[in-house]
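In: give me the fold of what follows.
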Amino acid sequence: MQKLTDAFATWSGETGGGALRLVVANACYSANLATVLSKHVAFVIGHHAPVQDTSAVQFAEVLYKALGTGASPLQSFMLAKTAAGCDKYCLRGRWDADKFVFAKPSTLSVHEVGVGHIELGQFTRRDATMRILEDWLVTRRSPRIAVVGQGGSGKSTLVQYFLKEVGHLIGGSARLVFFLHGSDLMGGYRVLLQELQDILGRAETAPDKDEDVRARVNALLRDPAIKHKWVGVLDDLPWPESLAELNWLLAPSGGEFPWVSGKTIVTSRCREWMDHRVFGNGFELGNFEVEEAHAFLKDRVEHWRQDVEDGGVTAVARRLAYFPLALTSAAGCANEYSLCPSDYLKELDSNRSRLLESWHSRTKHTGEYPYEMFEVVYHKWQRLSEGKDAMSVMGILRQLAFVNPSNIPIDMFEDLRQHLPILKSHCLVLVPKSAGPQVVSIHALTQQVIREHLMGNARAQVLQTVTASLARRMDTFENDKPETYMTCTCRAYAPHVQALMAHVDHTDIVYEVAVLAYHTGWFFYTVTSALQRPSVCGSGCW
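Out: Residues are numbered from 1 along each chain as shown. Below you'll find the model as predicted:
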């Protein structure tokens, strides 16, 4: 069964184009197989007991005829189940079987506006996020969804690839997909107007005024011939309500934009789109999964595909924290200068790499992401400097740059809890949805940029502040109480002390950090000894 499961997982993923939707295991005792396969396939039909050949044939005939007429998988299944001897069939799946239709083949092509050129063979399919978009597209849930994240996380590429897949996902029911850049919405609207008029057979002169163009496009998107048959992307929109010209988009009534007559994706670097009172739906896009990052690098660097070094590609991906923008830059640099993975890592480790400086300052070609990781974080920094409590917020970010990037207790630093909403809204920190003490995470590459480029003359002072904050937290724990182990800083704070030690060099706080590290390790040891769990002590002790 495992081999069969792996095969269907592959066919329903990147290799199969992600278009496998239904599997009919029309055989005896196939209910368990249906349950297993439904983790990878939208709908799977199986049978709980032995089934006669005549019943199986009759079930298949009724099922496929119903599907062919446009009935949903659930309606078709229930109809086929009424055939003689077919009452033991079962339907499993990860989508709503009553809200999906296998569209009839159509001679109508899907019109594309502004989607651009996407090399499907070079796109590393991000299965988890693509599945979210696919599920959203084929169900009757919210007609709009936001994809938010740091610049360079791959939002635009992801949704452009998704638009290329729309035809496979919903068949002939899709007539139009469009991709409009937030920096030039009205320019995109004018192109979209011409395409809509061509699709609908209209021959009208385009209005001169922007608001008239917008009104006509929105009216045409509601036209019965195109209604519910389009999917659009509004790419890289700014902060909600930050610009007066977006008021028409976010009015409480839904604005002038035809939200409910089609499917709309908004991408933005501002997390508030997910929580906005009008929009209020979406997910955050971040790193690649580990295997996705490896595939990404090997797809783009031909001489890395047969990497035989000890963890060469793996080491590069880990060093760059699996972030799409950083990996893209690494692949381009490796191709430009014929670098093997270890050579690229050496350049990263050098104090000032002329090769990397030359690469980062190159003139970007058309269609290439215009920024390096430093520039993305710097733009965020500039935006923060214009806001309320700018100095305090930037001070918190500088402190976060010297600790372990994961599982940072919110109470570690003063004012972190207070400024958490603004940091979250800029996608600068992530608050995991987990039980237990509240913690946050910050991207390792963001930390690196802040330490190397945005610290100014504050490095020594920030290190002292971080050390003092950790020491204050350690002083709140009672070393002689074994139960303290369950809520103490040894597990929560030891990685942060260790990270701090890695950044202390010739400053005046070497002694203080060493004492802090000593006491953290000593406390860890005494508590585990008291609990008679010596095996717990290990990497946590210095």
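
In: residue 238 reaches residue 181, doesn't it?
Out: No. Between residue 238 and residue 181 there is no contact under Cβ atoms under 8 Å: 11.7 Å. Bear in mind the C-beta positions are built from the backbone N, C-alpha and C, glycine included.

In: wasn't residue 189 part of a helix?
Out: Yes. According to DSSP: H, G, I helix; E, B strand; the rest coil, the state of residue 189 is that of a helix.

In: need the contact list for it.
Out: Counting by Cβ atoms under 8 Å, 6 or more residues apart in numbering, residue 189 makes contact with 180, 210, 213, 214, 217.

In: distance check, residue 133 against residue 291.
Out: 20 Å (Cβ to Cβ, to the nearest Å).

In: please say which of the two ends up with more neighbours.
Out: residue 133 (24 against 12; other Cβ atoms under 10 Å).

In: whatever helix or strand the more buried one lives in: how far from the chain's middle?
Out: Under the criterion of DSSP states H and E, residue 133 resides in helix 127-138. How far helix 127-138 lies from its chain's middle: 11 Å, per Cα atoms, centre = their mean, to the nearest Å.

In: what's it in contact with?
Out: The contact list for helix 127-138 (Cβ under 8 Å, 6+ apart) reads 13-14, 18, 42, 94-95, 99-100, 142, 145, 147, 158-159, 162, 165-166, 169-170, 231, 263, 265, 283, 285, 289, 292.

In: residue 31 reaches residue 47, doesn't it?
Out: Yes. Using Cβ under 8 Å, residue 31 is in contact with residue 47, at 6.2 Å.

In: thinking again about what came up before, pLDDT of the helix holding residue 133, averaged?
Out: Average pLDDT, helix 127-138: 86.

In: and after that helix, which helix or strand comes next?
Out: strand 144-148.

In: what mean pLDDT does that following strand get?
Out: 92.

In: same check on stretch 381-391?
Out: 89.

In: also stretch 474-492?
Out: Stretch 474-492 shows a mean pLDDT of 60 in the predicted model.

In: and for stretch 53-65?
Out: In the prediction, stretch 53-65 has an average pLDDT of 91.

In: report all helices and strands that the biggest strand by length in the chain contacts.
Out: Secondary structure of the chain per DSSP state E: the longest strand is strand 230-237. Secondary-structure packing of strand 230-237 (3 or more Cβ pairs under 8 Å, 6 or more residues apart in numbering; DSSP states H and E): helix 155-170, strand 176-181, strand 263-268.

In: which residues in the chain form strands?
Out: Residue ranges of the strands in the chain, as given by DSSP E, are 22-24, 43-47, 89-93, 111-113, 144-148, 176-181, 230-237, 263-268, 282-284, 408-409, 429-430, 439-442.

In: so how far is stretch 366-386 from its chain's centroid?
Out: 19 Å.

In: quick check: buried residues in it?
Out: The neighbour-count criterion (16 or more other Cβ atoms under 10 Å) identifies 369, 371, 372, 373, 375, 376, 377, 378, 380, 381, 384 as the buried residues of stretch 366-386.

In: re the thing from before, show the buried residues in the contacts of residue 189.
Out: 180, 213, 214, 217.

In: pretty sure residue 148 is touching residue 275, no?
Out: No. Taking contacts as Cβ under 8 Å, residue 148 lies outside contact range of residue 275: 9.9 Å.

In: contacting residues around residue 202?
Out: Here residue 202 is in contact with 196, 220 (Cβ under 8 Å, 6+ apart).

In: re the thing from before, next, the angle strand 263-268 makes with the helix holding residue 133.
Out: 140 degrees (axes from the mean of the first three to the mean of the last three Cα atoms, to 10 degrees).

In: buried ones in helix 127-138?
Out: 127, 129, 130, 131, 132, 133, 134, 136, 137, 138.

In: from those residues, pick the one nearest residue 452.
Out: Among the buried residues of helix 127-138, residue 129 lies closest to residue 452 (Cβ to Cβ), at 29.8 Å.

In: what's the separation between the closest one and residue 262?
Out: In this view, residue 129 and residue 262 are 21 Å apart by Cβ to Cβ.

In: now do residue 221
Out: 6 Å.

In: overlap of the contact sets of those two?
Out: 227, 230.

In: helices along the stretch 401-542 of the chain, start to end?
Out: 416-425, 444-453, 459-474, 489-503, 510-530 (DSSP state H, counting those that start in this stretch).

In: one step back: okay, the contacts of residue 189 in a markdown table with distance to residue 354 and pLDDT next?
Out: Below are those laid out as a markdown table (distance: Cβ to Cβ, whole Å; pLDDT from 0 to 100):
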| residue | distance to residue 354 | pLDDT |
| --- | --- | --- |
| 180 | 40 | 93 |
| 210 | 47 | 87 |
| 213 | 49 | 91 |
| 214 | 49 | 88 |
| 217 | 50 | 92 |
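
In: those in helices, which ones?
Out: 210, 213, 214, 217 (DSSP state H).

In: which one of those residues is nearest residue 59?
Out: For the ones in helices among the contacts of residue 189, the nearest to residue 59 is residue 217 (47.2 Å; Cβ to Cβ).

In: need the buried ones among the contacts of residue 189 in JSON lines with distance to residue 455, can you?
Out: Compiled in JSON lines, these are given as follows (distance: Cβ to Cβ, whole Å):
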{"residue": "180", "distance to residue 455": "38"}
{"residue": "213", "distance to residue 455": "47"}
{"residue": "214", "distance to residue 455": "45"}
{"residue": "217", "distance to residue 455": "47"}
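
In: check those residues and tell me the two furthest apart.
Out: Of all the pairs that the buried ones among the contacts of residue 189 form, the one spanning the most space (Cβ to Cβ) is 180 and 213, at 12.4 Å.

In: kindly report the domain assignment for this structure.
Out: 2-93, 111-284, 290-371, 372-456, 457-542 (automatic domain parsing).

In: for the stretch 301-450 of the chain, which residues score under the pLDDT cut-off?
Out: The stretch 301-450 of the chain contains residues with pLDDT under 70 at 308-310, 433-437.

In: one step back: and the buried residues of helix 127-138 as a markdown table, adding distance to residue 445?
Out: Below are the buried residues of helix 127-138 laid out as a markdown table (distance: Cβ to Cβ, whole Å):
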| residue | distance to residue 445 |
| --- | --- |
| 127 | 23 |
| 129 | 19 |
| 130 | 24 |
| 131 | 26 |
| 132 | 24 |
| 133 | 25 |
| 134 | 29 |
| 136 | 29 |
| 137 | 31 |
| 138 | 35 |
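
In: tell me the one of these nearest residue 450?
Out: residue 129 (26.8 Å).

In: one step back: now, of the helices and strands packed on strand 230-237, which is deepest in the fold?
Out: Among the helices and strands packed on strand 230-237, the stretch with the highest mean neighbour count (mean count of other Cβ atoms under 10 Å) is strand 263-268, at a mean of 24.

In: give me the angle between the longest strand of the chain and strand 263-268.
Out: 10 degrees.

In: so what strands line up beside strand 230-237?
Out: Strand 230-237 has the following strand partners under DSSP bridges: strand 176-181 (parallel), strand 263-268 (parallel).

In: centre of the chain to the last one, how far?
Out: Using Cα atoms, centre = their mean, the distance from the centre of strand 263-268 to the centre of the chain it belongs to is 14 Å.

In: now the first one
Out: The offset between the C-alpha centroid of strand 176-181 and the centroid of the whole chain comes to 20 Å, using Cα atoms, centre = their mean.

In: go ahead and name everything in contact with it.
Out: Taking Cβ under 8 Å, 6+ apart as the rule, strand 176-181 contacts 110-116, 159-160, 163, 166, 187-189, 192, 195-196, 199, 226, 229-236.
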